[in-house]
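A.B. asks: what follows is a predicted protein model with its sequence.
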Amino acid sequence: MIIAEQLKQLLIESSPVIEDYTREVCPACAEICCRQQHGTFRKNDIVYLHALGVEVPPRDQGRPLEGPCEWIGPRGCDRPRWLRPFKCTWFFCGPLLKAMNDGPSRKSRRLSALLQEMADLYRELVQGQVID
């Protein structure tokens with residue numbers, strides 16, 4: 001499906017920009033934002049992955065949702081951004097939002113435009129999709 005491919009490409013394109021911000025903010029943070037609840041695939045994530053012809057990665061069902069995400073390692077997430085649940089990609093904590101707001105306006109505007117385009121494509125992809 002072309003929309004899913006476009007969305008994947010935007011996720012790949014946005015990843016370095018988001019990682020610039022997380023590299024700046026996350027090391028100084030005392031909280032665990034990368035929680036299992038954000039790393040859990042939802043129905044709409046499955047629509048996206050199936051449209052790409054990708055299997056949904058299995059996850060450890062026994063992990064507590066408030067605990068650290070199973071895919072987080074010493075250098076961050078082990079999964080490429082395009083293969084993460086959307087809740088993970090779209091979770092921006094207070095300090096991260098502040099860094100984005102206070103950061104260079106060009107980088108901020110670029111990320112904002114990418115996120116808006118992704119949101120539009122994501123809505124278009126899942127609109128009318130029904131999964132039980």
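C.D. replies: Now that the structure is in, tell me what you want to look at.
A.B. asks: residue 21: how many residues sit nearby?
C.D. replies: 19 (other CB atoms under 10 Å). All C-beta atoms are positioned from the backbone trio N, CA, C, and that covers glycine.
A.B. asks: helix, strand or coil: sort out it for me.
C.D. replies: Taken by DSSP: H, G, I helix; E, B strand; the rest coil, the conformation at residue 21 corresponds to helix.
A.B. asks: OK, contacts around the nearest residue to it once chain neighbours are set aside?
C.D. replies: With sequence-adjacent residues excluded and distances taken as CB to CB, 6 or more residues apart in numbering, residue 21 is closest to residue 99, at 5.3 Å. Residue 99 sits next to 21, 24, 25 when contact means CB atoms under 8 Å, 6 or more residues apart in numbering.
A.B. asks: show me what the strand or helix carrying the second one is packed up against.
C.D. replies: With the criterion set as DSSP states H and E, the secondary-structure element containing residue 24 is helix 2-25. The contact analysis (3 or more CB pairs under 8 Å, 6 or more residues apart in numbering; DSSP states H and E) places helix 2-25 against helix 43-52, helix 94-102, helix 105-126.
A.B. asks: tell me the most buried of the ones you listed?
C.D. replies: Most buried of the helices and strands packed on helix 2-25, by mean neighbour count (mean count of other CB atoms under 10 Å): helix 43-52, with a mean of 18.
A.B. asks: continuing past that one, what's the next helix or strand?
C.D. replies: Following helix 43-52 toward the C-terminus (DSSP H and E): strand 72-73.
A.B. asks: partner strands of that next one, parallel or antiparallel?
C.D. replies: Using DSSP bridges, the strands paired with strand 72-73 are strand 76-77 (antiparallel).
A.B. asks: off-centre distance for the partner strand?
C.D. replies: 11 Å (CA atoms, centre = their mean, to the nearest Å).
A.B. asks: which is the next helix or strand following that strand?
C.D. replies: Next element after strand 76-77 (DSSP H and E): helix 86-89.
A.B. asks: pLDDT on that following helix, on average?
C.D. replies: Averaging pLDDT along helix 86-89 gives 86.
A.B. asks: now the contacts of residue 99 in TSV, with pLDDT and distance to residue 49?
C.D. replies: Formatted as TSV, the contacts of residue 99 follow (pLDDT from 0 to 100; distance: CB to CB, whole Å):
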residue	pLDDT	distance to residue 49
21	87	25
24	84	30
25	86	28
